[in-house]
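Visitor: model the following, please.
(one chain, ligands or ions: 1)
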Amino acid sequence: MSARPSVGWIGTGRMGYEMAARLARGGADVLAWNRTRAKAEPLAQYGATVADRLSELAGCDIVFCMVAAWKDVKQVMGELLAEKARPRMVIECSSISLEGSAELRAMLAQRGIDYLAAPVSGNAKVIKAGKLSFVCSGPRKSFNEALPLLNMIAPAASYVGEGELARIVKICHNVFLGVVIQSLAEITVLAQKAGVPRHAFLEFLNQSVMGSMFTRYKTPAFVNLDFKVTFTPELLRKDLDLGLDAGRRLEVPMPLAAATRELVQAMMDRGMREQDFAALLLQQAQASGIELQPENVEVKDGLS
Ligand SMILES: NC(=O)c1ccc[n+]([C@@H]2O[C@H](COP(=O)([O-])OP(=O)(O)OC[C@H]3O[C@@H](n4cnc5c(N)ncnc54)[C@H](OP(=O)(O)O)[C@@H]3O)[C@@H](O)[C@H]2O)c1
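Guide: This is a model prediction of the structure:
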């Protein structure tokens, strides 16, 4: 591979845009495509080129993909692979099933294209703060080749083995994400109903052994009730379903994940689809018979 490989980037949604921006700002030669072109256009300010057609990316050395679910990955990859030109390597970062990932690996192997499964942990703000992490699987050689590009996007990239192993790691991670946010909502409402302001409760929790980067960066939303979407309830439901499917197949009971899945479904049924998944807090407050008000207290998210 040349010292400065040409990089195709498919999908500039909330995550893909920030990831591609870091690559372009880091000096990579990026050709980006998004179904809704306008979302990719601001990447030009960092030196990326915006493609009119997905097929233009087929001639790149390496193509990243960050869309939504497996059906979307299959669609864009099908279109890319219909071209005569083909990339040397595909790095797929969306959160998808092991089965989908294996099907993609077979599609790519037939055409002699290397494939790295590389889902991520962190939201768009985490990417901007330079704190994203990748979990990768596939041939070790592909990981080593991809590492300089991965590190332009994220400081941490863990290699967990061959095949689709990164997919199950990411699924486990997001099941935990769902269970933790629901648990955080329950205890925050419990403390508040007993008389503790949310900012005081969360300040303590965040500095305790139970605090994490995640509880810290969700604290401003819980305190001031700003639920501008970072990750949709629909995408979280997808990941909980992926976890529950894997649990059924491997005969691993997952009662907490199952309950959380239904609570995410319930928030969607109430019309809370375009709010952040952390709005589970509002649903919990309603179920507890209290109405939350923004506390209007400035709290740090631990990222900046
Ligand atoms: N948000 C997070 O915190 C987070 C964190 C880690 C992982 N993830 C995972 O990362 C992936 C992207 O999440 P996101 O939050 O960035 O989602 P998003 O903002 O909804 O973006 C989705 C992207 O996929 C494109 N897309 C969807 N279906 C497509 C199709 N059939 N053909 C072509 N393009 C299609 C969208 O294009 P348009 O712009 O045209 O709609 C958009 O660029 C998901 O797998 C998600 O589970 C998200």
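
Visitor: so who does Val189 touch?
Guide: 281, 284-285, 288, 290 (CB atoms under 8 Å, 6 or more residues apart in numbering). Using the backbone N, CA and C atoms, a C-beta is placed for each residue, glycine as well.

Visitor: what's the closest of these to the ligand?
Guide: The nearest member of the contacts of Val189 to the ligand, counting by CB to the nearest ligand atom, is Leu281 at 16.8 Å.

Visitor: hang on, that closest one in a helix?
Guide: Yes: the assignment for Leu281 (DSSP: H, G, I helix; E, B strand; the rest coil) places it in a helix.

Visitor: how many neighbouring residues does it have?
Guide: Applying other CB atoms under 10 Å, we find 25 residues neighbouring Leu281.

Visitor: relative to the ligand, which residue of this protein is the closest?
Guide: In the chain, no residue comes nearer to the ligand than Gly13, which is 1.8 Å away by CB to the nearest ligand atom.

Visitor: gap between that residue and Ala287?
Guide: Using CB to CB, to the nearest Å, we find Gly13 at a distance of 31 Å from Ala287.

Visitor: with neighbour numbers in mind, choose between the two.
Guide: In this view Gly13 and Ala287 are compared by other CB under 10 Å, and Gly13 has more residues nearby, 18 against 13.

Visitor: surely the more buried one touches Met66?
Guide: Yes: taking CB atoms under 8 Å as the definition, Gly13 is a contact partner of Met66 at 7.1 Å.

Visitor: which neighbours do those two have in common?
Guide: Common neighbours of Gly13 and Met66 (CB under 8 Å, 6+ apart) do not exist.

Visitor: before we move on, back to that, can you pull the contacts of the residue of the chain closest to the ligand?
Guide: By CB under 8 Å, 6+ apart, the contact set of Gly13 is 34, 39, 66-68.

Visitor: try 10 Å
Guide: Listed by CB atoms under 10 Å, 6 or more residues apart in numbering, the contact set of Gly13 reads 34-36, 39-40, 66-68, 94, 124, 235.

Visitor: farthest pair in the residues you listed?
Guide: Farthest pair in these (CB to CB) is Ala40 and Leu235. Separation: 19.8 Å.

Visitor: who has more neighbours out of those two?
Guide: Counted by other CB under 10 Å, Ala40 and Leu235 do not tie: Ala40 has more neighbours, with 24 against 20.

Visitor: pLDDT score assigned to that one?
Guide: For Ala40, the pLDDT comes out at 98.

Visitor: Provide the backbone phi and psi angles at it.
Guide: phi -90, psi -20 (degrees, to the nearest 10).

Visitor: pretty sure it is touching Tyr17, no?
Guide: Yes: shown here, Ala40 and Tyr17 form a contact pair, counting by CB atoms under 10 Å, at 7.4 Å.

Visitor: joint contacts of those two?
Guide: Common neighbours of Ala40 and Tyr17 (CB under 10 Å, 6+ apart) are 9, 11, 32, 34.

Visitor: and the ligand, which of these reach it?
Guide: Contacts with the ligand within the shared contacts of Ala40 and Tyr17, counted by CB under 6 Å from any ligand atom: 11, 34.

Visitor: would TSV of the shared contacts of Ala40 and Tyr17 with secondary structure, neighbour count and distance to Val73 be doable?
Guide: Below are the shared contacts of Ala40 and Tyr17 laid out as TSV (DSSP: H, G, I helix; E, B strand; the rest coil; neighbours: other CB atoms under 10 Å; distance: CB to CB, whole Å):
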residue	secondary structure	neighbour count	distance to Val73
Trp9	strand	32	14
Gly11	coil	25	9
Ala32	strand	29	17
Asn34	coil	23	14
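
Visitor: what is the nearest of the shared contacts of Ala40 and Tyr17 to Ile153?
Guide: For those, the nearest to Ile153 is Trp9 (10.4 Å; CB to CB).
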